[in-house]
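In: Build me a model from this:
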Amino acid sequence: MKKYFLFAAVALLAASCINDENENANVQNDNAIRLTSSLPGASTRAADGLLAGNSETTSEQNFANGTTVKVKVTDTGSTPITYDAVDYSANGSGDLTATPAQYYPASGSAVNIYAYYPSTASTDADGFTVESDQSSDANYKASDLMYATLSGITKDTNADGRVLTFNHKLSKIVVTLVKGTGMTDTEINVATVTLKDVVYKGTFTPSDGSFEAASADVADNKDNIVIAANAGTTAHAAIVVPQDVAGKKIAVTINGATQEYTIPAETTFETGNYYSYSITVAKSGLTVTSTIGNWNSGGTGSDTLTY
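Out: Reported below is the predicted structural model:
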């Protein structure tokens with residue numbers, strides 16, 4: 001009888017330990033920092049392929065599955081926990097998770113959060129650079145610096161309050177070619193479009209999301225940016241460091257022959273804006289219509305220029 005009692009006591013103790021472990025695990029899981037993300041709408045360019053699903057569909061607002069963003073959590077309590085900046089992975093539906101998970105402070109104090117894409121944006125000793133050839137989606141995406149921040153978040157903050165809304169920190173140029181007099185479809189299809197001699201790098205500060213362009217007075221800070229190769233008439237885009245672009249040239253090269261459009265005086269590419277150029281290519285020259293809009297909010301304006 002004593003033997004049975006001993007076995008029963010051991011079984012109860014084991015069950016109690018398991019329950020305690022499950023309870024502790026549940027408490028920890030309840031404190032896990034769960035985040036979602038939202039992206040600003042893409043204006044034009046299939047290469048806004050950071051978006052999940054059909055990259056041509058501007059209603060998609062999520063990072064593609066497997067995309068990595070860097071997240072930094074800061075405890076606001078009087079004896080704060082020190083968090084490392086870690087990679088969070090997107091699942092294609094807006095959710096961002098870290099492995100292993102990060103947790104809210106046991107003290108109940110709030111946290112501040114900032115995040116940025118690409119996740120490697122702050123690791124280059126020479127600053128953040130945009131790719132010189134953005135005719136591929138991969139190079140375009142690697143150039144699209146984005147930033148988001150949240151303040152005063154706790155484990156009790158509702159889901160709407162834990163959305164990291166990313167904004168573009170640089171500028172975007174969009175170019176569409178139109179076949180003009182004397183040109184053939186074949187010639188337009190093989191065109192290369194280049195933005196020439198622009199600053200291509202700057203300093204990104206993750207703690208406040210600021211970006212400062214490198215000096216335009218230093219030759220090594222400037223490069224040509226290929227917007228499209230084998231362009232066709234599809235809209236193509238490139239990410240550009242915000243800067244004064246007055247006098248810079250957009251070159252259209254077809255079978256070794258180049259025509260250039262000179263961007264007018266008093267033109268500055270600003271943070272979060274896009275600059276769209278519809279270029280009609282004729283044997284006699286280029287005719288250009290331009291549109292300026294807010295890349296982050298989707299607002300637009302327009303101006304018509306002829307060259």
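In: Okay, the nearest residue to Q102 once chain neighbours are set aside and P118: tell me how far apart.
Out: Distances taken as Cβ to Cβ, 6 or more residues apart in numbering place I33 nearest to Q102, at 4.6 Å, with adjacent residues excluded. All C-beta spots, glycine's among them, are computed from the backbone N, C-alpha and C. Here the criterion is Cβ to Cβ, to the nearest Å. By it, I33 lies 21 Å from P118.
In: cool, and S136?
Out: According to Cβ to Cβ, S136 and P118 sit 15 Å apart.
In: Compare neighbour counts for the two and give me the winner.
Out: P118 (19 against 13; other Cβ atoms under 10 Å).
In: Neighbours of S37, how many?
Out: Neighbours around S37, by other Cβ under 10 Å: 24.
In: Also the one 3 residues further on?
Out: Close neighbours of P40, defined as other Cβ under 10 Å, add up to 18.
In: D30 too?
Out: If we define neighbours as other Cβ under 10 Å, then D30 has 10 of them.
In: Would you check how far apart it and I279 are?
Out: To I279, D30 is 56 Å away according to Cβ to Cβ.
In: correct me, but A115 touches F166?
Out: Yes: using Cβ atoms under 8 Å, A115 is in contact with F166, at 7.4 Å.
In: Now list whatever residues contact both of the two.
Out: Common contacts of A115 and F166 (Cβ atoms under 8 Å, 6 or more residues apart in numbering): 37, 147-148.
In: what are the ranges of the helices in the stretch 1-150 of the chain?
Out: 2-30, 137-143 (DSSP state H, counting those that start in this stretch).
In: Spit out the contact partners of G182.
Out: Counting by Cβ under 8 Å, 6+ apart, G182 makes contact with 282-284.
In: typo on my end, it should be T267
Out: Contacts of T267 were listed using Cβ under 8 Å, 6+ apart, and they are 244-246.
In: The same query, at a cut-off of 7 Å, please.
Out: Taking Cβ atoms under 7 Å, 6 or more residues apart in numbering, we find T267 in contact with 245-246.
In: Phi first, then psi, for it.
Out: The phi/psi pair for T267 (degrees, to the nearest 10) reads phi -110, psi 120.
In: low-scoring stretches of this protein, by residue?
Out: 1-29, 41-60, 124-125, 298-307 (pLDDT under 70).
In: let's see it at 80
Out: Low-confidence segments of the chain, defined by pLDDT under 80: 1-30, 41-61, 123-126, 297-307.
In: what about D185, neighbour count?
Out: 10.
In: before we move on, what about S38?
Out: 14.
In: how close does it sit to N91?
Out: With Cβ to Cβ as the criterion, S38 and N91 are 14 Å apart.
In: again, but for Y83
Out: Taking Cβ to Cβ as the measure, Y83 falls 22 Å from N91.
In: same question, S109
Out: According to Cβ to Cβ, S109 stands 28 Å off from N91.
In: Same check on V111?
Out: 22 Å.
In: can you check A148 too?
Out: Separation of A148 from N91 (Cβ to Cβ) stands at 17 Å.
In: So between these two, which is more surrounded?
Out: Higher neighbour count among A148 and N91: A148, with 21 against 16, using other Cβ under 10 Å.
In: Go ahead and confirm that one touches F166.
Out: Yes: using Cβ atoms under 7 Å, A148 is in contact with F166, at 4.4 Å.
In: Spell out for me which residue occupies the centre of this structure.
Out: The centroid of the chain falls nearest to M146 when counting by Cα atoms, centre = their mean (3.9 Å).
In: Disregarding flanking residues, what is the spatial nearest neighbour of that one?
Out: Leaving aside its sequence neighbours, M146 sits nearest to F166 (Cβ to Cβ, 6+ apart; 4.2 Å).
In: and the one you found, what does it touch?
Out: Applying Cβ under 7 Å, 6+ apart to F166 gives the contacts 37-40, 117, 146-148.
In: so which of those residues comes closest to N296?
Out: Using Cβ to Cβ, P40 comes nearest to N296 of these, at 4.3 Å.
In: Can you give the distance of whichever strand or helix holds Y277 from its chain's centre?
Out: Assigning secondary structure by DSSP states H and E places Y277 in strand 273-282. Its chain's average C-alpha position is 23 Å from that of strand 273-282, according to Cα atoms, centre = their mean, to the nearest Å.
In: What of stretch 118-135?
Out: In terms of Cα atoms, centre = their mean, the centre of stretch 118-135 is set 12 Å apart from its chain centre.
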